[in-house]
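1. pasting the sequence and the predicted coordinates here, then a few questions.
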Amino acid sequence: MRSSILIIYTGGTIGMKTDAETGALVPFDFSGIYEEFPSLKRLNVDIEVYTMDPVIDSSNVSPANWLTLARLIRDNYARYDGFVVLHGTDTMSYTASAISFLLENLSKPVVFTGSQIPIGVLRTDGRENLITAIEIAGARIDGRPEVPEVSLYFQNRLFRANRTTKGSAEALNAFRSYNYPPLAEVGVNIAYNLPAVLQPADTSPELRIATRLADGIAIVKLFPGLGEEILRAMLSAPGLRAVVLETYGAGNAPTSEWFLRVLREAIDRGVILLNVTQCRGGGVSMEIYETGLRLQKIGVLSGYDMTTEAAVTKLMYVLGLGLDETRTRELLRRPLRGEFTL
C-alpha cells in the first residue's frame, strides 16, 4: 500500500535554486519535484506539496508561524499518512520542538529537514535530506508508521525533534542530539532504533492541537560577572512570565545571597524559573551540589536534560494552556513529548 505524503515548504536554504539567466538564487518550485528528482518515483509514496505564502527566512520565524503550521497539519491530517516540513536551519530546532508540543495526540510522522547548501547547487545536501525524509515519513511496519512522532532528519541521522540543537553553521551534519540516541541511522539501509521511538497513546483519526502559545518568555545565561542590578532588571521586565535559566554544569549557580534573593523575588512575583545546563551534553541534577539544592529550595524547577529550544517552546505551550500554577508546574516537571529523561 502506497503512503501519501504532504511536503510543507516554509522557506529556507533548501528551497533555493540558481537562476540560469542571472546566476542569482531564486525560490525553487516544489510543485515540479518529480521532474527535478525523478528518483522519487521509485519510492512507494504519493507526494503533494504545499508552499507557505509567503515563505519565511527562518531567522524571522515567530510563534504565530508555528501555530499556522500546526493548523495546516491538523487540517490535512486525515488526508495524508505523513508530513515532511522543509525549514531553514537557523531556527529549525525551535520550530520542530514547538510543533512537537502543539500536536497533542500525534500518531503520524512529521519529519523536519532542510539543508546547508541550496537544493539547486550541484553538491547540495538538500537532495539526500529531502528524499530520505520523504522515505522515512512514508515508512510503515505492520501497517503502522515507523516513526509516529515529530522528528528531524539531517545528514544520515533521524532525531527526536525536541532533543535537537544546531551545532554548526558550516558542517553538513549541522544538528546534534546530545542527550538522546538517534531514532534512525541511514547508510545503505535505514536502520530504525525502534525502542527509542515515542509510541502514541492516542491513535485518534482527528488531530488535536493547542491553539495558543504564551509570550513573556526569556532566556538568562549565567556568566561570571553578571551583576545584581542587571539580573534584577532582566527578571523585572514588564510582562515576564517565565525564564529559562542557563546555569553551569549540572545546574550550578553562584551562592551569593544577592543572587538567590533576586531569583526569589522573581519567583514570589509568579515568574517561573526553569533550570537547564549551558553544556551541550548532560543535564541538570539539582540534588548533587549545594548550589543546585539552594536553587531547588527557593522554587527553581529542574529542566533535567532538556535543550534550551525545548525548554523555551515547552514553557510557551504549557503557559498557553491557561492552567493554575499547581497544574502548570506539574506539567513542567514531567516529560510530555519525550523532551527530557528523568
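-> Ah, there it is. Numbering: from 1, shown residues only.

2. can you pull the contacts of the residue nearest to the spatial centre of the chain?
-> Geometric centre of the chain, nearest residue: residue 97, 2.2 Å, by C-alpha atoms, centre = their mean. Residues near residue 97 by C-beta atoms under 8 Å, 6 or more residues apart in numbering: 161, 162, 164, 307, 309, 310, 312, 313, 314, 339. All C-beta atoms are positioned from the backbone trio N, CA, C, and that covers glycine.

3. out of the residues you listed, which are buried?
-> Buried subset of those (neighbour count, 16 or more other C-beta atoms under 10 Å): 161, 162, 164, 307, 309, 310, 312, 313, 314, 339.

4. and of those, the nearest to residue 123?
-> Among the buried ones among the contacts of residue 97, residue 164 lies closest to residue 123 (C-beta to C-beta), at 24.0 Å.

5. residue 60 versus that closest one, what's the distance?
-> Separation of residue 164 from residue 60 (C-beta to C-beta, to the nearest Å): 20 Å.

6. before we move on, back to that, so of the contacts of residue 97, which ones are in helices?
-> Among the contacts of residue 97, the residues falling in helices (DSSP state H) are 309, 310, 312, 313, 314.

7. ok, the last one - contacts?
-> Applying C-beta under 8 Å, 6+ apart, we find residue 314 in contact with 97, 101, 162, 306, 332, 336, 339.

8. want to try TSV for the residues you listed, with pLDDT as columns?
-> Formatted as TSV, these follow (pLDDT from 0 to 100):
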residue	pLDDT
97	98
101	98
162	98
306	97
332	97
336	97
339	98
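
9. now render these as CSV, adding distance to residue 289.
-> As requested, the contacts of residue 314 are arranged in CSV below (distance: C-beta to C-beta, whole Å):
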residue, distance to residue 289
97, 28
101, 30
162, 27
306, 19
332, 22
336, 28
339, 24
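
10. buried residues in stretch 40-49, which are they?
-> Buried residues in stretch 40-49, defined by neighbour count with 16+ other C-beta under 10 Å: 40, 43, 45, 47, 49.

11. can you verify the last one is assigned to a strand?
-> Looking back up the chat, that one is residue 49. Yes - according to DSSP: H, G, I helix; E, B strand; the rest coil, residue 49 belongs to a strand.

12. could you give the bridge partners of it?
-> Using DSSP bridges, the beta-bridge partners of residue 49 come out as residue 7.

13. again with the third one
-> Going by DSSP bridges, residue 45 is paired in beta bridges with residue 3.

14. surely it touches residue 3?
-> Yes - in this structure, residue 45 is within contact of residue 3 by C-beta atoms under 8 Å, at 4.8 Å.

15. closest to residue 145 among the ones in helices among the contacts of residue 97?
-> Nearest to residue 145 among these: residue 310, at 22.3 Å, using C-beta to C-beta.

16. residue contacts, the closest one?
-> So residue 310 contacts 97, 162, 163, 339, 340 (C-beta under 8 Å, 6+ apart).

17. between whichever strand or helix holds residue 134 and strand 45-51, how many degrees?
-> For residue 134, the host element (DSSP states H and E) is helix 126-138. Per axes from the mean of the first three to the mean of the last three C-alpha atoms, to 10 degrees, the angle that helix 126-138 makes with strand 45-51 is 120 degrees.

18. quick one: helix 126-138 to chain centroid distance?
-> Relative to its parent chain, helix 126-138 has a centroid offset of 18 Å by C-alpha atoms, centre = their mean, to the nearest Å.

19. got a list of contacts for the helix or strand of the chain with the lowest mean pLDDT?
-> The weakest-scoring helix or strand in the chain, judged by mean pLDDT, DSSP states H and E, is strand 25-27 (a mean of 71). Residues external to strand 25-27 that are found in contact with it (C-beta under 8 Å, 6+ apart): 15, 16, 17, 18, 19, 55, 118, 120.

20. partner strands of it, with direction?
-> strand 16-18 (antiparallel).

21. buried residues of the partner strand, list them for me.
-> Counting neighbours by 16+ other C-beta under 10 Å, strand 16-18 gives 16, 17 as buried.

22. what residues are bridge-paired with residue 192?
-> Bridge pairing for residue 192 - DSSP bridges - gives residue 184.

23. contacting residues for it?
-> Listed by C-beta under 8 Å, 6+ apart, the contact set of residue 192 reads 139, 146, 147, 183, 184.

24. for the residues you listed, name the two members farthest from one another.
-> Farthest pair in the contacts of residue 192, by C-beta to C-beta: 139 and 183, 11.2 Å.
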